[in-house]
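*Asks:* Model the structure of this input:
(one chain, ligands or ions: 2)
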Amino acid sequence: MGRVIAVANQKGGVGKTTTAINLASSFAAAEVNTLLVDCDPQSNASSGLGLVKDPERINTYHLLMGAAGADEALCKLELEQLWIIPSHKNLIGANLELVDAERREFRLRDALAPLRERFQFIVLDCPPALDLLTLNALVAADSVLIPMQAEYFALEGISELLDTVERIRSGLNPELSIEGVVLTMFDERTNLAQQVTAELKRFFGEKLCATSIPRNIRLAEAPSHGKPALVYDVRSKGAESYIRLAKEIISHYLPAETVEPVATETEMDKSA
Ligand SMILES: Nc1ncnc2c1ncn2[C@@H]1O[C@H](COP(=O)(O)OP(=O)(O)OP(=O)(O)O)[C@@H](O)[C@H]1O
Ligand SMILES: [Mg+2]
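*Replies:* Ligands and ions are numbered 1, 2, ... in the order given. Model prediction:
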């Protein structure tokens, strides 16, 4: 049974989409079938993986509205074991159109249910809001991965999300767990980053991912080429760090022998 991971944080621009794209790609590169579902009307995950805008293409909106099945919405990407269900800006309408709908928080969960056997990981990229779209993602998910920047008020911003996770756990999705908190755009050289990391470590304990993602220009450039960082520049620190994060997460769930190790270039260089 596949594992569904929602990448969520209602704060904008913290690296959700960059994490969703590159984590999903790193899972696929580790030879596990992976699906990325773009749940954000901004559609950054879709365009960042090279999909041109096409209102006719079946997308997450159709899934939520019950107008199409998930298997019809799958798009194959360049990486062998990676698929995407794209988004479109009309997805914003689902927030309103579903207000009075039956099982409105379960739409995505129900739609993805037939795919859970087929993919070992399903990664959901959420919009920067605690709206019905994010709610659908959190109800569909087994766990939530929270990207965060190491800023002074980092913890304050996160409490609303943690409260929402708690509410969902006590009602709509009792199985929802916290996959981890991952620091993004991290600059370990600053004192502030060190202090905030120490505080987050105290607060989240082992839920704070051992891997943090450095600020890296290649991660920002790759989407404009429609590629994940590990295709655009596998030797970049950004690509390497997401490969490491994927390994860290995979190690929680899959027995090591079923996973093809993805050697980062640095590791290859070392062993050469
Ligand atoms: N580690 C990184 N190094 C350099 N740039 C980064 C990194 N992570 C993200 N970025 C850049 O920061 C910006 C915001 O990142 P991203 O789109 O992933 O955030 P988001 O949380 O998905 O935003 P939104 O809330 O709008 O959906 C983008 O321009 C992205 O390229
Ligand atoms: Mg985004």
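
*Asks:* how much space between residue 128 and residue 41?
*Replies:* For residue 128, the distance to residue 41 under the criterion CB to CB, to the nearest Å works out to 11 Å. Any C-beta I mention is one placed from the backbone N, CA and C, and that applies to glycine too.

*Asks:* Looking at those two, which has the bigger crowd around it?
*Replies:* residue 41 (22 against 17; other CB atoms under 10 Å).

*Asks:* tell me the pLDDT at the closest residue to ligand 1 within the stretch 51-200 of the chain?
*Replies:* In the stretch 51-200 of the chain, the residue that lies nearest ligand 1 is residue 128 (3.2 Å; CB to the nearest ligand atom). For residue 128, the pLDDT comes out at 97.

*Asks:* wait, it sits on residue 10?
*Replies:* Yes - counting by CB atoms under 8 Å, a contact exists between residue 128 and residue 10, whose distance comes to 5.8 Å.

*Asks:* three-state assignment of the closest residue in space to the residue of the stretch 51-200 of the chain closest to ligand 1 that isn't next to it in sequence?
*Replies:* Nearest residue to residue 128, sequence neighbours excluded (CB to CB, 6 or more residues apart in numbering): residue 12, at 3.8 Å. Reducing the assignment at residue 12 to three states with DSSP: H, G, I helix; E, B strand; the rest coil gives coil.

*Asks:* how about residue 12, phi and psi?
*Replies:* Reported as degrees, to the nearest 10, the phi and psi values for residue 12 are phi -80, psi 150.

*Asks:* How many residues are close by it?
*Replies:* The local packing of residue 12 (other CB under 10 Å) involves 10 other residues.

*Asks:* how close does it get to ligand 2?
*Replies:* From residue 12 across to ligand 2, the span is 8 Å (CB to the ion, to the nearest Å).

*Asks:* pretty sure that residue is touching residue 149, no?
*Replies:* No - here residue 12 lies out of contact with residue 149, judged by CB under 8 Å, at a distance of 11.2 Å.

*Asks:* how about the strands of the stretch 51-200 of the chain, start to end?
*Replies:* Assignment of strands within the stretch 51-200 of the chain using DSSP state E, counting those that start in this stretch yields the ranges 75-76, 82-85, 121-125, 143-149, 177-184.
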